[in-house]
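J.: here are the coordinates; sequence isn't available:
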């Protein structure tokens, strides 16, 4: 969890070293605040100060449009040409075998049998955006959405592609996007984790916790798995039969003893921080259940998110929760649509129609509801909603029979809405079959750079010193935000 | 519309004049360049090619750069402009270089470029600019001579300790070095800590566990000067020492027991490496040997099981078994080895020079590549799908054989029991069909016309048409010989049978042909008689009239003449067939009842277990390294890309140490005695270079790590990085003195611990005087002792010890503490790779807890356990509410606070005061103050009276409180 004001990262490392080690020339606000509170700076720090090690002025945090991110992760890889990337040229080509270079789970191929987009497209909104019949509700919001049709990723295989989308690297061990955001911005609400992950009820994605890992950063920055029912966070609830006053008595007595212990060791701020952390834990025990109290939402709101329908209730509930967490200052919320393996997620190798009808049907209304609700509350301007999977799918069939499509990382669609995004935009394109991105191609790091930029973080400056390198989410070569979709 | 490239070719082919050789651009050319070409280059190419960076070595800000080309060669061909790679790249015909990457330019722009090349690629000299860097490596400064002056690359100086007049702080060289720094700052060191604190400090630092109250008392009561060194020696001799210190090393080498990535498969037997470490520390294997065994334990002259096990060091990295790019993945793995090896042993971040020269340290990209070459021959880094190496120890063999015989005999008993029941049943089922007619046989009941020869016949001997008139008659009675024998029989049929079987009694290589077609080819048949049903397609080979059976046999043991009989039909229904056909429904219940479970399933599992055990090699499976005999050629990878090869490299040692080191050791290929395979000898040479006492980095890095875990920070705080990006040592002379002492006294870690811990510095109290706090807030000068929190492992182990559940068992396969369902549900297959064990089964020291890359034990993860994908030089020490929640509310704490409470009741009886007294004493290893006991007693009673908890429940709340105390988690 990311509750910085009580974090002491390097217990015995000296503080200025801490700036060198953790800051790498970039001090985030919470840390600066923490050090200031402890009288570390002779004058109160106000977000920017000189880097003590180098004397270089630290970059100020840029004015960001977004304060929070909701990342709707369509795990398994939704087919772009069946959803948002309209390919009229494919109509009438169904079953035709053509020369086409593809690379997926089944390896590299040079020909394939076309599977026509299986859903009808129609135009929506002022922007006239073509959307397939898989997303009739979401389609009502196209004027708030910027579609990136020219996404590319480094790997067409789930394991490495998931890591890529979540951490910017196909290799394991790097901090995930949510970790970087919390490291960069700090948390607003001390009583809730700053980085929340909600998993599909069928299970986690492959590689599990690696997808929300903090890598070489302290575990403080890793994602906290939030359950949408019951106790939201592991060990949040007191044991059966232990009431709040009992828990408080225990903590009070504990901290009384801890304070006597501290008296002769007053220079050790870790001891004081640990005393605080119990108070904070106690407050969290009260705050988190309130945050997840979806029952308190009005009937129209519940209907808006699809809570009254069995198919949409689960994802809808998570979307309501996401909004409630955003209202409470949580920085980064990731919701997985799909979990486990095969058709439990968007990985439509077999029956494309059955698979996508199922997953789109479960999520269309909730996502539309989320966008509508954020907008009517005036939250959409400061909340960035990101939609997409780890890759897209091929225009051709994977097998001799059937409609299943293999993975495609050479071109796919993701979209963003809210927080500084220019709605009604379509950016980049794939070829006529949707096989490869051909114009304005974007890499995952460009997507990450855009998200960081919208939060007011400078993607090429946000770094963490590890292993002799100023490590960055966007890699050593850096990346620029996708300017074409910025408002 | 033709594809753009075709269009370009057309444009070019229609150009009448090719001005390729024009050196001087005409005014018209210049104008064309300015108006048409330059905007394209400026907008879409120059940012990466000479403007802000130079990618692929290609510079497009000048004509010279364009003509020079990039890393992968020329991009323009002015002789044949249409063939220029620039065009192929820009029209996306070159899959590896689709330029510009953001998207293909429209055909009109491509046509402009084509025309431009046709005109000889003129530039406007006025617009030509110098590239960011035109020559040499794409990025990074070239190491210069001055970089070698960095302190870490200088020889270790065996200086002597400075003199001082302080009686206590002049005896021990460590103190003398430190005292100088303190005195220079006008500070005095702290007095010694209390004996209770010292005992606790020493126990945790050396064994990772708290002392018992009796052990503390014994030390407190022993006032002799020798008590302290005696305690240190006693602790160093405990087996728990290895369990504590192996873990520190495991952090550095990013130890884990799974591969990571999608499947996160188990690294089989990798835990033997953990056991190796525990033994190595406990036996105080000299650190130079420790290094050598991990790098090249298979290449040394007398490899042992232990040394070969150590090579698992090279298999610890995360491993993607389904990478998108296999070549890249191979060098990711090798790069990971380079990074961890260089950081762990040398304190150098060699990994930073993979894509370009090191930005700060004198390490070139070539240095990186030639260092990687030491590992280029290793083959078995992906471990989960490979059969483990089997280690055979002469002395172990009888024991292992006995073990296997015992386990086979156990399996046999059960198998025989089931078999007996089934055979009994089978006998009642067995068909009583009459014996089938013999078609032909070479034995007693001889039928058909048999002939034989002992000399190799013509190749067509088996054919129907072959005439064997010069062969001998019936082989029956032929001299027995251990040489091949060829036999043929002719037999007549009036009807073709429906079934065919071959009755064969023989031991050796056997080939049987029916009418020229092979029906059986079996090398090395074991001795015995067997009846083989021949498949229907072989029955079809027969025809009415004369048929031919041809047999070639070569005895491999014994020299018995084979008995060959061809039968028309079958003699039997096998037991297996009967079973597979399935006992009738009414028979099954009876059988199941007699056997105890499904007889078929049981037979299947029993016999496969038996077979697996019987066929298991009689060795010890290890996770170990081996090499392919000839490491392939290696090249510098331009920008770290193995698809883009630069100059070839051979193994070589980093150049910056050359001045202080003797000539490097030779690389001698050798047949590894461990694997029996040729090994390049490269890793052994690397180990020899590292362990040369003249190597100034290895010994400094090693002693610094030991210092770090005694004082909570190293003399060099960046323990993995002694380069310019790391921090300089706070006490360089002391570091050198320790490093020199270390190598001089046989690289013994235990001596080093003793040396450090017997100093006054280590024995100081933690209390900070105001002046010391003001002058030296971070305790760089070590004028006091720094408190530290228990490590994640120490915390869990201490709780298990207090709840009296910690099992002392050492070594072996890992344990799997029960995990909350909510944690398992984060997996894509909940529970996968985490077998169910009870908490009692899993109550062993945390070093034995399974380390699964994608699934962590919450208590350990929350308390800053080391990350498993990258080397961890120093753990974080975070303080967050998650820790408090876990320590108050988790299943683990619920169980162990209950067990701790039960222990208190066992040991202190029902008296509340005694319980509280005992609880605090156990948790804090000291007598509690009256006020502390009173507060706890009051709390306990409130739980009982006000909250109506049962006596047990109230005591458990107190037990939980004790396990949450700051003093329990922090060492003075």
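T.: In hand now; what should we look at? It should be emphasised that the depicted structure is a prediction, and the values quoted were computed from it without experimental measurement.
J.: surely residue B:819 touches residue B:856?
T.: No - contact criterion Cβ atoms under 8 Å: residue B:819 and residue B:856 do not qualify, at 9.2 Å. (Each C-beta comes from the backbone N, C-alpha and C, glycine too.)
J.: so which of those two has more stuff around it?
T.: Neighbours were counted for residue B:819 and for residue B:856 using other Cβ atoms under 10 Å in any protein chain shown; residue B:856 has more, 24 against 21.
J.: any idea how far residue B:618 is from that one?
T.: Distance, residue B:856 to residue B:618, by Cβ to Cβ, to the nearest Å: 37 Å.
J.: could you do residue B:186 as well?
T.: 70 Å.
J.: neighbour count winner among the two?
T.: residue B:618 (12 against 8).
J.: residues contacting the more buried one?
T.: Contact analysis of residue B:618 by Cβ atoms under 8 Å, 6 or more residues apart in numbering or on different chains lists B:390, B:392, B:397, B:400-401, B:404.
J.: nearest to chain A among those?
T.: Closest approach to chain A among the contacts of residue B:618 (Cβ to the nearest Cβ): residue B:390, at 30.1 Å.
J.: list phi and psi for that closest one.
T.: Per-residue torsions, residue B:390: phi -100, psi 130 (degrees, to the nearest 10).
J.: burial measure for residue B:329, as a count.
T.: As a burial measure, residue B:329 scores 20 neighbours (other Cβ under 10 Å).
J.: what does residue A:439 give?
T.: Neighbour count of residue A:439, defined by other Cβ under 10 Å: 16.
J.: how near is the closest residue to it other than its chain neighbours to residue A:427?
T.: With Cβ to Cβ, 6 or more residues apart in numbering or on different chains as the criterion, residue A:439 has its nearest non-adjacent residue at 3.7 Å, and that residue is residue B:103. Remark: distance between residue B:103 and residue A:427 (Cβ to Cβ) = 11 Å.
J.: which one's more surrounded, these two?
T.: Neighbour count, other Cβ under 10 Å: between residue B:103 and residue A:427, residue A:427 has more, with 21 against 18.
J.: and the pLDDT at that one?
T.: You'll see residue A:427 listed with a pLDDT of 97.
J.: check contacts around it.
T.: Counted by Cβ under 8 Å, 6+ apart, residue A:427 has contacts A:146-150, A:440, A:442, A:482, A:484-485.
J.: give me phi/psi at it?
T.: Backbone torsions of residue A:427, given as degrees, to the nearest 10, read phi -120, psi 130.
J.: now do the contacts for residue B:233.
T.: Contact analysis of residue B:233 by Cβ under 8 Å, 6+ apart lists residue B:754.
J.: outline the domain layout of chain A.
T.: A:68-232+A:292-485, A:244-287 (automatic domain parsing).
J.: could you give the average pLDDT over the helix or strand containing residue B:801?
T.: Under the criterion of DSSP states H and E, residue B:801 resides in helix B:792-802. Averaging pLDDT along helix B:792-802 yields 98.
J.: who are the packing partners of it?
T.: helix B:858-862, helix B:891-908 (3 or more Cβ pairs under 8 Å, 6 or more residues apart in numbering or on different chains; DSSP states H and E).
J.: can you list contacts of the first one?
T.: Meaning helix B:858-862. Residues contacting helix B:858-862 (Cβ under 8 Å, 6+ apart): A:219, A:234-235, B:792-793, B:795-796, B:819-820, B:823, B:846, B:849, B:880, B:882-883, B:886-887, B:890, B:892.
J.: now the helix or strand that it is followed by: mean pLDDT?
T.: Using DSSP H and E, the helix or strand that directly follows helix B:858-862 along the chain is helix B:881-889. In this model, helix B:881-889 has a mean pLDDT of 94.
J.: is any part of helix B:881-889 close to chain A?
T.: Yes - Helix B:881-889 is in contact with chain A by Cβ under 8 Å from any Cβ of the partner chain, via B:881-886, B:888-889.
J.: out of those residues, which is nearest to residue A:407?
T.: Nearest to residue A:407, judged by Cβ to Cβ, of the residues of helix B:881-889 next to chain A is residue B:882 at 35.8 Å.
J.: what about the strands in the stretch 201-350 of chain A?
T.: Assigned by DSSP state E, counting those that start in this stretch, the stretch 201-350 of chain A shows strands spanning A:224-225, A:332-337.
J.: tell me where chain A has helices.
T.: Secondary structure of chain A (DSSP state H): helices located at A:15-18, A:29-37, A:158-167, A:177-185, A:244-263, A:269-291, A:299-304, A:310-327, A:352-376, A:444-454.
J.: between the helix holding residue B:801 and helix B:891-908, how many degrees?
T.: 40 degrees (axes from the mean of the first three to the mean of the last three Cα atoms, to 10 degrees).
J.: give the other helices and strands that the helix or strand following helix B:792-802 contacts.
T.: Downstream of helix B:792-802, the first helix or strand assigned by DSSP H and E is helix B:821-824. Here helix B:821-824 touches no other helix or strand, going by 3+ Cβ pairs under 8 Å, 6+ apart.
J.: okay, buried residues for helix B:821-824 please.
T.: Within helix B:821-824, the residues that qualify as buried by neighbour count (16 or more other Cβ atoms under 10 Å in any protein chain shown) are B:822-824.
J.: and if you look at stretch B:190-207?
T.: B:190, B:192-193, B:195-207.
J.: and the buried ones among the contacts of residue B:618, selectable in ChimeraX?
T.: The ChimeraX command for the buried members of the contacts of residue B:618 (criterion: 16+ other Cβ under 10 Å) is given here:
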select /B:400
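J.: which ones among the contacts of residue B:618 lie within strands?
T.: Under the assignment DSSP state E, the contacts of residue B:618 contribute residue B:390 to strands.
J.: and of the contacts of residue B:618, the nearest to residue A:399?
T.: Using Cβ to Cβ, residue B:390 is the member of the contacts of residue B:618 that sits closest to residue A:399, with 41.0 Å.
J.: and the domains of chain A, which is most packed in?
T.: domain A:68-232+A:292-485 (a mean of 22; mean count of other Cβ atoms under 10 Å in any protein chain shown).
J.: residue B:362 and residue A:446, how far apart?
T.: From residue B:362 to residue A:446 the distance is 35 Å (Cβ to Cβ).
J.: flag the shaky bits of the stretch 51-200 of chain A, pLDDT-wise.
T.: The stretch 51-200 of chain A contains residues with pLDDT under 70 at A:51-63.
J.: near chain B, which residues of it are found?
T.: Applying Cβ under 8 Å from any Cβ, we find that the stretch 51-200 of chain A lies next to chain B at A:101, A:150, A:154-161, A:163, A:170-173, A:199.
J.: which residue is nearest the middle of chain B?
T.: The residue lying closest to the centre of chain B (Cα atoms, centre = their mean) is residue B:316, at 2.2 Å.
J.: is that residue in contact with residue B:257, as I believe?
T.: No - between residue B:316 and residue B:257 there is no contact under Cβ under 8 Å: 9.3 Å.
J.: hey, what's in contact with both of these two?
T.: Common neighbours of residue B:316 and residue B:257 (Cβ under 8 Å, 6+ apart) are B:267, B:270.
J.: and residue B:504, that's in a strand?
T.: Yes - per DSSP: H, G, I helix; E, B strand; the rest coil, residue B:504 lies within a strand segment.
J.: specify the beta-bridge partners of it.
T.: Residue B:504 forms beta bridges with residue B:530, residue B:564, as assigned by DSSP bridges.
J.: residues in contact with it?
T.: Residues in contact with residue B:504 (Cβ under 8 Å, 6+ apart) are B:510, B:512, B:520, B:525, B:529-532, B:562-565.
J.: rerun at 10 Å
T.: Residues near residue B:504 by Cβ atoms under 10 Å, 6 or more residues apart in numbering or on different chains: B:510, B:512, B:520, B:522, B:525, B:528-532, B:551, B:553, B:562-566.
J.: can you say which of these are buried?
T.: Taking 16+ other Cβ under 10 Å as the criterion, what is buried in the contacts of residue B:504 is B:510, B:512, B:520, B:522, B:525, B:551, B:553, B:562, B:564-566.
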